[in-house]
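*Asks:* Pasting the sequence and the predicted coordinates here, then a few questions.
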Amino acid sequence: MLSRLSTATSAALRRGIATSAQNNAKVAVLGASGGIGQPLSLLLKNSPLVSKLSLYDIAHTPGVAADLSHIETKAKVKGFMGPEQLPECLKGCDIVVIPAGVPRKPGMTRDDLFNTNASIVASLTTGCAKHCPEAMICIISNPVNSTIPITSEVFKKHGVYNPNKIFGVTTLDIVRANTFVAELKADPARVTVPVIGGHAGKTIIPLISQCTPKVEFPQDQLEKLTARIQEAGTEVVQAKAGAGSATLSMAYAGARFVFSLLEAMGGKQGVVECAFVKSDVTESPYFSTPLQLGKKGIEKNLGLGKLSPFEEKMVAAAMSELKASIKKGEEFAKNFK
Ligand SMILES: NC(=O)c1ccc[n+]([C@@H]2O[C@H](COP(=O)([O-])OP(=O)(O)OC[C@H]3O[C@@H](n4cnc5c(N)ncnc54)[C@H](O)[C@@H]3O)[C@@H](O)[C@H]2O)c1
């Protein structure tokens with residue numbers, strides 16, 4: 001099911017259209033002037049599913065919004081800059097996507113971003129909890145393994161927590177896994193690899209045994225491929241040599257996730273995406289697995305499926321890092337004012 005539906009969603013993304021989807025949505029991008037924010041906003045502006053696009057950042061949004069507003073598609077684009085304009089940006093939003101915050105430089109882990117990005121995410125999601133508590137919240141800002149627990153705690157503090165509507169966007173891991181498997185085996189448009197766990201190094205767990213179409217690799221090749229998927233972000237960070245991390249592929253992945261959500265919110269059946277969410281599937285309180293999406297967010301957690309022994313070992317090995325990153329986020333949010 002995952003394969004068929006995700007393939008349909010990516011096909012819709014490539015065409016910039018989708019059928020039977022919510023096509024009147026207000027979407028906000030927070031961090032809209034950044035390396036991810038700009039191309040993500042462009043993809044959203046290109047979609048007939050979006051009728052209002054609110055672009056927020058602490059800099060440059062008037063220019064980005066003016067530029068995008070000249071594109072001949074229906075979404076009305078408006079720029080908002082600085083915290084005093086955040087409430088107006090968020091009012092009435094159906095989906096808020098957050099790529100605000102600093103990216104990695106060579107030699108950094110995603111956790112090294114915590115000190116800067118934790119407070120950016122906490123303050124932006126405080127705005128969401130106050131001004132659009134019903135919206136779907138999609139967090140791109142790293143470290144995702146901590147920024148999702150932060151968002152959940154912020155929403156709890158404001159008494160508006162709904163775990164079915166808070167998503168850590170891990171779609172780029174799936175996009176990369178699909179691409180790398182396809183390079184070795186098949187047409188990328190047909191490949192779907194679920195990726196579970198978290199979004200950092202060893203916590204990124206591609207389930208190649210559940211790939212559709214079915215693929216087989218000798219163990220040494222499987223290990224190399226798995227390691228490449230886990231370290232793909234670092235591959236980009238190194239190639240950009242200090243100029244940031246993945247932006248264009250992340251914008252594609254973020255748009256794919258938003259379009260899937262919009263399709264599901266519009267009543268399309270059987271839309272499935274993986275995301276890092278509140279979960280009781282493993283002993284980690286947050287975990288990414290394939291999720292069936294619906295009008296109100298997560299409709300059903302589809303769980304782990306049947307894992308190979310190699311994948312089971314990876315899940316076990318990810319637990320301590322996942323739990324520590326989650327705890328760090330929760331502790332931070334408790335003390336955040
Ligand atoms: N989830 C993923 O798979 C994934 C992939 C790539 C990057 N990322 C993360 O996405 C984030 C953004 O990356 P980027 O390359 O776009 O960085 P960037 O530096 O190019 O852009 C970040 C933007 O955020 C804005 N910003 C900073 N503080 C803000 C605040 N308080 N309110 C609103 N906007 C604010 C900046 O002005 C800037 O425009 C990073 O944390 C990066 O690690 C996640």
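*Replies:* Cool, got the structure. Residues are numbered from 1 along each chain as shown.
*Asks:* so residue 40 makes contact with residue 255?
*Replies:* Yes - Residue 40 lies in contact with residue 255 (Cβ atoms under 8 Å); the separation is 6.0 Å. Using the backbone N, CA and C atoms, a C-beta is placed for each residue, glycine as well.
*Asks:* neighbour-wise, which of the two wins?
*Replies:* Taking neighbours as other Cβ atoms under 10 Å, residue 40 and residue 255 compare with residue 40 leading, 28 against 23.
*Asks:* Against residue 194, how distant is the residue sitting furthest away from the middle of the chain?
*Replies:* Distance from the C-alpha centroid of the chain peaks at residue 218, with 30.9 Å (Cα atoms, centre = their mean). The gap separating residue 218 from residue 194 is 21 Å, by Cβ to Cβ, to the nearest Å.
*Asks:* Confirm that residue 229 sits in a helix.
*Replies:* Yes - the assignment for residue 229, made by DSSP: H, G, I helix; E, B strand; the rest coil, places it in a helix.
*Asks:* Quick check: it touching residue 207?
*Replies:* No - the pair residue 229 / residue 207 is not scored as a contact, 10.6 Å apart, by Cβ under 8 Å.
*Asks:* between the two, what contacts are shared?
*Replies:* residue 195 (Cβ atoms under 8 Å, 6 or more residues apart in numbering).
*Asks:* got the contact list for the residue in the chain positioned nearest to the ligand?
*Replies:* Relative to the ligand, the nearest point of the chain is residue 34 (2.0 Å; Cβ to the nearest ligand atom). Applying Cβ under 8 Å, 6+ apart to residue 34 gives the contacts 57, 99-100, 247.
*Asks:* what does residue 43 give?
*Replies:* Residue 43 neighbours (Cβ under 8 Å, 6+ apart): 13, 251-252, 254-255.
*Asks:* could I get those residues as CSV with secondary structure, distance to the ligand and pLDDT?
*Replies:* Listed next are those as CSV, based on DSSP: H, G, I helix; E, B strand; the rest coil; distance: Cβ to the nearest ligand atom, whole Å; pLDDT from 0 to 100:
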residue, secondary structure, distance to the ligand, pLDDT
13, helix, 16, 54
251, helix, 9, 98
252, helix, 11, 98
254, helix, 8, 98
255, helix, 13, 98
